[in-house]
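*Asks:* Provided below for reference: sequence and predicted model.
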Amino acid sequence: MAWFKKTKEQRIEKKVKIPEGLWVKCENCKEIVYKKEIEKNLKVCPKCNYHFRISARERLKLIVDDGSISEIGADITSGDPLVFRDTLPYKERIKESQSKSGLKEAILAGEALISGYPVIAAVMDFSFLGGSMGSAVGEKIARAAEAALDRKVPLVTVASSGGARMQEGIFSLMQMAKVSSAIGKLKEGGVPYISILSDPTFGGVTASFAMLGDIIIAEPRSLIGFAGPRVIEQTIKQQLPENFQRAEFLLEHGMLDMVVDRKDMKEALRKIIMHLSASAVR
């Protein structure tokens, strides 16, 4: 009778353990990409050219000459003028961001060289409280603009921000006027200002220094605007065009001068600064 009995085969399922952090899901094309491949490609998706967010220090390594940065206002940090508290006191949030990012504030500024040309660079870091512009960020940008004016060298900024910092209320909104005034003095003094916009650039940063550049550049597919698309749709009660607020859309509609890949950014800056310097000599 054993001939007619079916014996159950024991299936041994082998579970393959994939170490965490080896793969990254692209936010644009949703493909799973090997992390080391993205890092080799300057944190750009090799499948769709989506530019991942990078830190201020990573950005500086890509656009300025090695070892050329000399920081401005390194010890400037925000106070707590409103003694603000949500689920955490504002002071604790700052300490937490400082610990995670290794920065004192949401921006790094300093004297540097780009392909041998002296500049003042100011680069925002979205990982520090969403790159929000508080009083310390505003002060650093203003000092960077003043340094550029004093030395008669171009100012280069890289924006990556959700906007003004709500924990500082009116003090953060005042930075919009402060930095715009500092940029205005550059124009009066004939000092070039190059503004680079990365993903995302929003709110009070867009409404102030980010869109005041003599030349405005953006990374591909960067989301740039004042209010978010959902807020705009709810306000005007209309559906927005496809890719609205993306860098390419803004370029087509005259809001930007150039859209430049990350790997080409330093060379693009070199050419721009070279031409602007030649014009200044004439």
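*Replies:* Done, it's in.

*Asks:* which element follows whatever helix or strand Lys185 lives in toward the C-terminus?
*Replies:* Element membership of Lys185, judged by DSSP states H and E, is helix 170-189. Of the helices and strands lying after helix 170-189 in sequence (DSSP H and E), the nearest is strand 193-201.

*Asks:* Please work out the angle formed by the directions of that following strand and helix 170-189.
*Replies:* Relative orientation of strand 193-201 and helix 170-189, computed by axes from the mean of the first three to the mean of the last three CA atoms, to 10 degrees: 150 degrees.

*Asks:* Which elements pack onto strand 193-201?
*Replies:* Using 3 or more CB pairs under 8 Å, 6 or more residues apart in numbering; DSSP states H and E as the contact criterion, the elements in contact with strand 193-201 are strand 155-161, helix 170-189, strand 215-218, helix 265-281. Yep, even glycine has a C-beta here, placed from its N, CA and C like the rest.

*Asks:* what does that strand rub up against?
*Replies:* Strand 193-201 has contacts (CB atoms under 8 Å, 6 or more residues apart in numbering) with 51, 53, 59, 126, 145, 148, 154-162, 183, 186-187, 209-219, 221-225, 247, 256, 265, 269, 272-273.

*Asks:* quick check: mean pLDDT across that strand?
*Replies:* Taken as a whole, strand 193-201 carries a mean pLDDT of 97.

*Asks:* now stretch 131-138
*Replies:* The average of the pLDDT scores along stretch 131-138 is 97.

*Asks:* Just the residues contacting that stretch, thanks.
*Replies:* Judged by CB under 8 Å, 6+ apart, the contacts made with stretch 131-138 from elsewhere in the structure are 76-79, 81, 104-107, 124-125, 159-168, 171-172, 174-176, 178-179, 204-205, 208.

*Asks:* next one: stretch 242-260
*Replies:* By CB under 8 Å, 6+ apart, the surrounding residues in contact with stretch 242-260 are 197, 211, 215-225, 229, 241, 268.

*Asks:* Pick out the lowest-pLDDT one from those residues.
*Replies:* The weakest per-residue confidence within the contacts of stretch 242-260 falls on Pro229 (88).

*Asks:* ok, now which ones touch it?
*Replies:* Listed by CB under 8 Å, 6+ apart, the contact partners of Pro229 are 240, 244-245.

*Asks:* do you know how far Trp66 is from Ile273?
*Replies:* One thing to correct before we go on: residue 66 is Asp, not Trp. From Asp66 across to Ile273, the span is 18 Å (CB to CB, to the nearest Å).

*Asks:* How about Lys43?
*Replies:* With CB to CB as the criterion, Lys43 and Ile273 are 24 Å apart.

*Asks:* neighbour-wise, which of those two wins?
*Replies:* When Lys43 and Ile273 are compared on other CB atoms under 10 Å, the one with more neighbours turns out to be Ile273, at 22 against 18.
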